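> Okay, predicted coordinates and the sequence, questions at the end:
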Number of protein chains: 2
Amino acid sequence: MVGGGQLARMTHEAGIPLGIRFRLLSDTPQDSAAQVVSDVVIGDYRDLDTLRDFARGCDVITFDHEHVPTEHLRALEADGVPVRPGPDALVHAQDKGVMRARLDAIGVPCPRHRIVADPADAAAFAAEGDGFPIILKTVRGGYDGKGVWFVRSEEDARDPFLAGVPVLAEEKVDFVRELAANVVRSPHGQAVAYPVVESRQVDGVCDTVIAPAPGLPEERALEAQGLALRVAEELGVVGHLAVELFETRDGRILVNELAMRPHNSGHWTQDGAVTSQFANHVRAVLDLPLGDPRPRARWTVMANVLGGDYPDMYQGYLHCMARDPQLKIHMYGKDVKPGRKVGHVNTYGDDLDDVLERARHAADYLRGTIVE
Amino acid sequence: MVGGGQLARMTHEAGIPLGIRFRLLSDTPQDSAAQVVSDVVIGDYRDLDTLRDFARGCDVITFDHEHVPTEHLRALEADGVPVRPGPDALVHAQDKGVMRARLDAIGVPCPRHRIVADPADAAAFAAEGDGFPIILKTVRGGYDGKGVWFVRSEEDARDPFLAGVPVLAEEKVDFVRELAANVVRSPHGQAVAYPVVESRQVDGVCDTVIAPAPGLPEERALEAQGLALRVAEELGVVGHLAVELFETRDGRILVNELAMRPHNSGHWTQDGAVTSQFANHVRAVLDLPLGDPRPRARWTVMANVLGGDYPDMYQGYLHCMARDPQLKIHMYGKDVKPGRKVGHVNTYGDDLDDVLERARHAADYLRGTIVE
């Protein structure tokens, strides 16, 4: 797996029971996954020779993030290394312009959008619809709210163009909430769909995920799952695909983003589903039959733990574990920095209010924003 | 953790979500746990200097097996290293003579037993009860049926004395079945008890575990859990304690063996309990509050996968995963040798016959004793 973040850490954890040998390409030995994996290569994923050395002896390559240059992935494929997901699929998660064009072509509903050339063009895009505000995004390099601008005027629209990367303009969707449809697809085309979840964001960062999305009509859930399965098939995705969605005030489902790897909106599956997204990603990448994606509890809630004032989590563990013996804590071994995602917690049960309260309490306590 | 077997492998897996740094002392880099852990020291656990070097920088030491010499553990404690379980507790899992004497002293029911000096003394022991057959065990060094002899006559009783280790004689208990009571205890005395399970043995090796033990009257289950909790407290156990029990034809519960580490009879907890034995062992050893030991399903069955004719498990995975998408496979990364424990599977559900059939099928198919 290329990339030493928490997704690789949790993929390794899920791969241990399958008896597979897991090799990691990590920027540093201190990275989240590098702390827990035996076979670690330290190197830069932007360097093709490094990737080639890493790939030697691997049966298949997969990813913790979308940042490996597409041309390097094509070179690895040309070398005969199985790359899953392959570059022709992954490019849709790397380049928002390519993604939007492709989703348009296969008729998947998206926010109104087009590539814009400069602030004046962005203003023209706004005028073509309901006017400002609009959203501007660099087509490459963004994540967790980075590379995304909420723009209220033409003057406001300068920053996105500074990086010299093409800029995508999108309408500001009047959404009720954000949903995510997570699916996993294997090389010979088997696919499974997890229950559609509600994803609550704070400051552009995923904060809480509720599985399944409360009050979502079955018809709309099936529509979202079907849409995600179709995207996976049409784009030739292998592995986990997260489709981030807007549920609009007028009852439509629009695609916000795609991620082709285990995803924050699927972390609940570690404790809430028969087979976790990480285990199914591993199974897909190895072309093994996929595991049951069904939930094990009526409700599962995931809450991200952000870094706060406590550099040491041990005291927080004492309180949270004693308060809630059913709490599932997943920390990433990262140095605590304010606002950084350093872990998450999962709770499950029959009563959504209780399950939500327990998850929020633990996440807030571990961050240090509450003290009892 | 001292020892690189599958118990360390699965303890590491369970420790990853807690963000702990896990250091392993392993005989070889190929050992089951050494394949998946980042921080591995290769060395001999029988050598005190090796143990001391290993322990430097560890907050606490725990074990994958009971074979570290008791005097080395005392030396580590004298150095100021927290050893959990400590030598005063662990000696009861290392030395069956010490264990029996202690259980007698605290009034825990055991098979009739005494240390015997030679074959003639063994015959005298038999004559004091119902005669042959009896069981002879070396007090140290046995596991999985090794170091245990089923003895039908005085002539039969020679082998156990050849090792020069004291020999314990025990009556052959007329048992209906074997049970196991698994409990976990933390340094400040918090303890949790898992449901009592039925453990089915084949040729002295654990074959199938059913949780909870079918048809066990609640009163007897509570007696077994209470007995295990009392043993843990009286012996000062820290971490996981497995108490292997005989359920006799006349309705009594007798202690067969003790193990002070995660145990084969607790593997079902990985997929069948809110908190696995491995996670709770880690929490106990770190003096963290313990997790909920309650079951997540009506029935969970664990079946051991023994090595058979297939050196490569991949083809077996294809069939078993496709047949049963809910199957949970746990392989140890060990070279397959006939009869060697190389993994286990867990299944769970509401219908015991179905859950048992699925587990047995997968274990038999992966071994190669069935082909469809």
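Thanks, I have it. Numbers count the residues shown, from 1 in each chain, chains lettered A, B, ... in the order given.
> For stretch A:107-125, measure first residue to last.
21 Å (Cα to Cα, to the nearest Å).
> so who does A:A242 touch?
A:A242 sits next to A:A180, A:A181, A:N182, A:E257, A:L258, A:A259, A:M260, A:R261, A:H263, A:S265, A:G266 when contact means Cβ atoms under 8 Å, 6 or more residues apart in numbering or on different chains. The way it works is simple: take the backbone N, C-alpha and C, and place the C-beta from them, glycine included.
> Run through the residues of the stretch 251-372 of chain A sitting next to chain B.
Within the stretch 251-372 of chain A, the residues that sit near chain B (Cβ under 8 Å from any Cβ of the partner chain) are A:274-275, A:283, A:288-292, A:296, A:313, A:317-318, A:321-322, A:325-333, A:343.
> Give me the buried subset of those.
Burial by neighbour count, 16 or more other Cβ atoms under 10 Å in any protein chain shown: within those this picks out A:274-275, A:283, A:288-291, A:296, A:313, A:317, A:321, A:325-333, A:343.
> Filter those residues down to just the ones in strands.
Counting by DSSP state E, the part of these found in strands is A:K328, A:I329, A:H330, A:M331, A:G343.
> Please name the bridge partners of the fourth one.
With beta bridges defined as DSSP bridges, A:M331 has these partners: A:G343.
> I'd assumed A:V345 was in contact with it.
No: the pair A:M331 / A:V345 is not scored as a contact, 9.2 Å apart, by Cβ atoms under 8 Å.
> Please identify every residue contacting each of those two.
A:V305.
> Strictly from the record, what residue spans define the domains of chain A?
Using automatic domain parsing, the domain parsing of chain A gives A:6-83, A:112-171, A:175-367.
> Those: lowest mean pLDDT?
Comparing mean pLDDT across the domains of chain A, the lowest value falls on domain A:112-171: a mean of 92.
> Which single residue in the stretch 201-350 of chain A comes nearest to chain B?
Scanning the stretch 201-350 of chain A for proximity to chain B using Cβ to the nearest Cβ identifies A:M331 as nearest, at 3.2 Å.
> Just list the residues touching that residue, thanks.
A:V305, A:M313, A:V342, A:G343, B:P17, B:L18, B:G19.
> Swap in 10 Å and give it another go.
Residues in contact with A:M331 (Cβ atoms under 10 Å, 6 or more residues apart in numbering or on different chains) are A:6, A:9, A:32, A:305, A:313, A:316-317, A:342-345, A:366, B:16-20.
> can you tell me the helix or strand for the spatially closest residue to A:M1 that is not a sequence neighbour?
Among residues not flanking A:M1 along the chain, A:A8 sits closest, at 4.8 Å (Cβ to Cβ, 6 or more residues apart in numbering or on different chains). Assigned by DSSP states H and E, A:A8 falls within helix A:6-15.
> What of A:L136?
Short version, using DSSP H and E: A:L136 is in strand A:134-138.
> Setting the sequence-adjacent residues aside, check what's closest to the residue in the stretch 1-150 of chain A that chain B sits nearest to.
Residue of the stretch 1-150 of chain A nearest chain B, by Cβ to the nearest Cβ: A:G19 (3.2 Å). Closest residue to A:G19 apart from its sequence neighbours, by Cβ to Cβ, 6+ apart: B:M331 at 3.2 Å.
> what does the stretch 51-200 of chain A put close to chain B?
Residues of the stretch 51-200 of chain A lying close to chain B (Cβ under 10 Å from any Cβ of the partner chain) are A:Q190, A:V192.
> And the residue in the stretch 51-200 of chain A positioned nearest to chain B, how far from B:V243?
Nearest residue of the stretch 51-200 of chain A to chain B (Cβ to the nearest Cβ) works out as A:V192 at 8.1 Å. To B:V243, A:V192 is 40 Å away according to Cβ to Cβ, to the nearest Å.
> In terms of neighbours, single out the busier of those two.
The neighbour count for A:V192 versus B:V243, taken as other Cβ atoms under 10 Å in any protein chain shown, is higher for B:V243 (28 against 23).
> ok and the host helix or strand of the more buried one relative to helix B:6-15, angle-wise?
Following DSSP H and E, one finds B:V243 within strand B:239-248. On the basis of axes from the mean of the first three to the mean of the last three Cα atoms, to 10 degrees, strand B:239-248 is oriented at 130 degrees to helix B:6-15.
> So which bits of strand B:239-248 are buried?
B:G239, B:H240, B:L241, B:A242, B:V243, B:E244, B:L245, B:F246, B:E247, B:T248.
> again, but for stretch A:165-183
Neighbour-count burial for stretch A:165-183 [16+ other Cβ under 10 Å]: A:165-173, A:175, A:177-183.
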